[in-house]
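# Only the shape, not the letters, is given here:
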Ligand SMILES: [Zn+2]
């Protein structure tokens, strides 16, 4: 992670925060990385980042669907009322 | 015909002497008998016959007889028969000298059985053990000629002899006696204590002798007896030319060893040297890993099982108890015991090994408060794996089999012979399981018999939790990294299998560390978890138990970064009204008592909550309690003794280059004439961490005076962080808590502090 210090320094403040967020994601999956024990650790780190992104997208999708459903119901109700 | 007599009782003590080995027996009435047994210890050297003359030339220089002959023994790793030279020393008091004299002339790996004390060799070769109950037969010269053993180390029900204890200590004072210059003695026995005057040293010794004669103790229990008290008393006695009656055997000396510092579990541990007596036990409660944890019953259990004499056992380092069982086993089975390399002990801790090879698996917890979480633990996971899969240095990748039995790694484990590690661990594992069962069957929590079984099983647990590290320990006699890796591979397999089974059944995996897991499933009951345990047990082949279901549990965030979780830090209340705490302030040894109490009181308040919602309602009450403590702290009138911080020194005081509070305190003590070694505890009170207002950041307790006050802001910070640990999930960070408690800092300062912390933690670690 330290080896990305220079890369990080060359980023804007808001991108630095996003990068930190990504590296934080890698710390959440100790077991997977340890069990796989890949010779190039960054592969596992990158996979953890992808995983976190995908989980976040899935969660957002889920929330959007729920909101849409609630919204549709709302408009349906509205129509009935009209 | 010679007259003999028989004593029915226990083997109490033994040590080398002119006669070979001197033994003390105690009978049922508490009467003591000294006897002896001729014993000529021997060791082996694996050298060609051509080199024998070199050995002969050296040992002929000794004034006692040393005889040489050849014999055949087995080497443990290869199981080959080796033709070795046996060196028999006909004087138990000089065994060590002979080994020392030979060592410089030969490489260390030719020596076998050469670094074991004569009394241990005697026990291994006779099959006797400390506190063994037997009919002992003596001849009229006091020679032990035979015994009829009615006892064995594996026995679950056994009696201990009636023993008389005398306590001997410095008069209580809050300053540890190690730092003190003058000494006042307090002697206690038969429910009474006697203060001994300290003005005339000769008088102190004389009155101590009177008490020793009157009480005639079997056990002398001291605090700091090894490091300070007994060395001091013997020194004074020598100066005053008065014989000191500490030993029951007036012809014997004391057995002493130097102090040591060594690594254990990633920390430097300091051990004072030993000061052992002849015919009595000296037990130092401050220099024993066991005394505090399991008391005398535990010490007796381990001494019997491991054949380590009691005084030695009570001071033994991690691993030497198990090691003794292995030595005994090897000796019984005709294997050569490699001599330990004489290097400073360097112990690879479980956590370093976690990095070196992959170790056990950790699933980071889902941060915050949870309710209805169950905790399930594999029972004695590592030792069980070793026993079940026959993992031992000489069985992993043996020469005779090929089965790729170890998951992931594909190592082979021998099917033809049982390894030394599983062979010896098996007894410990099964004895502990039996005691736990016996305890459970009593159902009378807290009565004497229940407590006895509990202390014994706890002592055995101590052996089991430490057994694993030694498999990979490079200086261990029987250690090898492949054995260690194999245990880890089986452990990963077990926890992953358990996870798969749980997830198939709809449980969510909240947190897991190596052999424990925390699960959740909507509406799951105790019997659901019990049946899950049965299924895991059947599939994995290892016992797993339900520790309990939590009303609520908190997994706090990392201290370094509030956005990430950390493993093995949690606090929760079980439904049965017990609290379990790991890694947070109230459980940490370096937290001042004042802060511990503050956090502990909040946890007590939260104990009433059956759900997280109920807990949330209790927050105002908990904050009010914390607020009282914080305003006391900020008034400057808190008791400074409750603000003492205790830290282990990691190096010599003069080696510290950074000016930390603990380094400063250790140096100040050094200047005052009290030297602390690495691994020793330094106790201090912070008076000005900024270093701007006062000459010292912190003062060691012995040099502290209450007029010095304490650093209000630093201790306030500690208090706020302890509150934050519990309440951050509800949005109470240190900043908000400052507002709540009305102790805000100036704005500028706070921003600067939080800005640098957030960035540093992730990239500097
Ligand atoms: Zn084999």
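Right, received. Where do you want to start? Treat the numbers as computed from the prediction; the structure is a model and nothing was measured.
# helix, strand or coil for residue B:398?
Here residue B:398 is coil, with the state taken from DSSP: H, G, I helix; E, B strand; the rest coil.
# For chain A, see how far away it is.
Residue B:398 sits 25 Å away from chain A when distances are taken as CB to the nearest CB, to the nearest Å. Any C-beta I mention is one placed from the backbone N, CA and C, and that applies to glycine too.
# tell me which element residue B:86 falls in.
According to DSSP states H and E, residue B:86 maps onto strand B:81-89.
# Buried residues of that strand, list them for me.
Buried residues in strand B:81-89, counted by 16 or more other CB atoms under 10 Å in any protein chain shown: B:84-87, B:89.
# Can you convert the residues you listed into CSV and add a column each for pLDDT and distance to residue B:58?
Shown next, in CSV, are the buried residues of strand B:81-89 (pLDDT from 0 to 100; distance: CB to CB, whole Å):
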residue, pLDDT, distance to residue B:58
B:84, 97, 17
B:85, 97, 12
B:86, 97, 16
B:87, 97, 10
B:89, 96, 12
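# mind listing what the strand holding residue B:86 pairs with, with the direction of each?
As defined by DSSP bridges, the strand partners of strand B:81-89 come to strand B:42-45 (antiparallel), strand B:66-74 (antiparallel).
# what is the mean pLDDT for the longest one?
Strand B:66-74 shows an average pLDDT of 96 in the prediction.
# Not counting its neighbours along the chain, what's nearest the residue of chain B found nearest chain A?
Going by CB to the nearest CB, chain A is nearest to residue B:361 of chain B, at 4.3 Å. Nearest residue to residue B:361 in three dimensions, chain neighbours excluded: residue A:31, at 4.3 Å (CB to CB, 6 or more residues apart in numbering or on different chains).
# and what of residue B:652?
residue B:678 (6.2 Å).
# Can you tell me the centre-most residue of chain A?
Computing the C-alpha centroid of chain A and ranking residues by CA atoms, centre = their mean puts residue A:53 first, at 2.8 Å.
# elements contacting the one helix or strand that one maps to?
Element membership of residue A:53 [criterion: DSSP H and E] is helix A:41-81. Judged by 3 or more CB pairs under 8 Å, 6 or more residues apart in numbering or on different chains; DSSP states H and E, the packing partners of helix A:41-81 are helix A:13-26, helix A:30-36.
# can you tell me how far the residue in chain A positioned nearest to chain B sits from the ion?
Relative to chain B, the nearest point of chain A is residue A:31 (4.3 Å; CB to the nearest CB). Distance of residue A:31 to the ion, computed by CB to the ion, to the nearest Å: 32 Å.
# Contacts only, for that residue.
Contacts for residue A:31 (CB atoms under 8 Å, 6 or more residues apart in numbering or on different chains) come out as B:361-363, B:512.
# So for it, what's the pLDDT?
The model's pLDDT for residue A:31 equals 84.
# quick one: it and residue A:50, what's the gap?
17 Å (CB to CB, to the nearest Å).
# cool, and residue B:395?
Distance from residue B:395 to residue A:50, by CB to CB: 42 Å.
# Looking at these two, which one has more neighbours?
Remark: of residue B:395 and residue A:50, residue B:395 carries more neighbours, 28 against 12, as counted by other CB atoms under 10 Å in any protein chain shown.
# Residues of chain B that sit close to the ion?
B:398, B:400-401, B:414, B:416 (CB under 5 Å from the ion).
# Only the buried subset of the residues you listed, as a PyMOL command please.
Of the residues of chain B next to the ion, the buried ones go into a single PyMOL selection, burial set by 16+ other CB under 10 Å:
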select buried, chain B and resi 398+414
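# Show me the domain layout of chain B.
Split into domains by automatic domain parsing, chain B comes to B:4-35+B:133-149, B:42-126, B:165-217+B:219-279, B:368-583, B:639-741.
# now the first one: mean pLDDT?
Mean pLDDT, computed over domain B:4-35+B:133-149, is 95.
# Likewise for the last one?
For domain B:639-741, the mean pLDDT works out to 89.
# for chain B, which spans come out with low pLDDT?
B:1-2, B:171-183, B:197-199, B:258-272, B:287-294, B:317-318, B:341-358, B:445, B:466-476, B:745-765 (pLDDT under 70).
# what's the closest non-adjacent residue to residue A:16?
Leaving aside its chain neighbours, residue A:16 sits nearest to residue A:8 (5.6 Å; criterion: CB to CB, 6+ apart).
# for the strand or helix carrying that neighbour, packing partners?
Taking DSSP H and E as the definition, one finds residue A:8 inside helix A:5-9. Secondary-structure packing of helix A:5-9 (3+ CB pairs under 8 Å, 6+ apart): helix A:13-26.
# ok, and what's touching the helix it packs on?
With CB under 8 Å, 6+ apart, helix A:13-26 has contacts from A:1, A:4, A:7-8, A:11, A:33, A:44-45, A:48-49, A:51-53, B:561, B:563-564, B:762.
# ok, of these, which come out buried?
The buried subset of these - by 16+ other CB under 10 Å - is A:1, A:8, A:33, A:44-45, A:48-49, A:52, B:561, B:564, B:762.
# Noted, bye for now.
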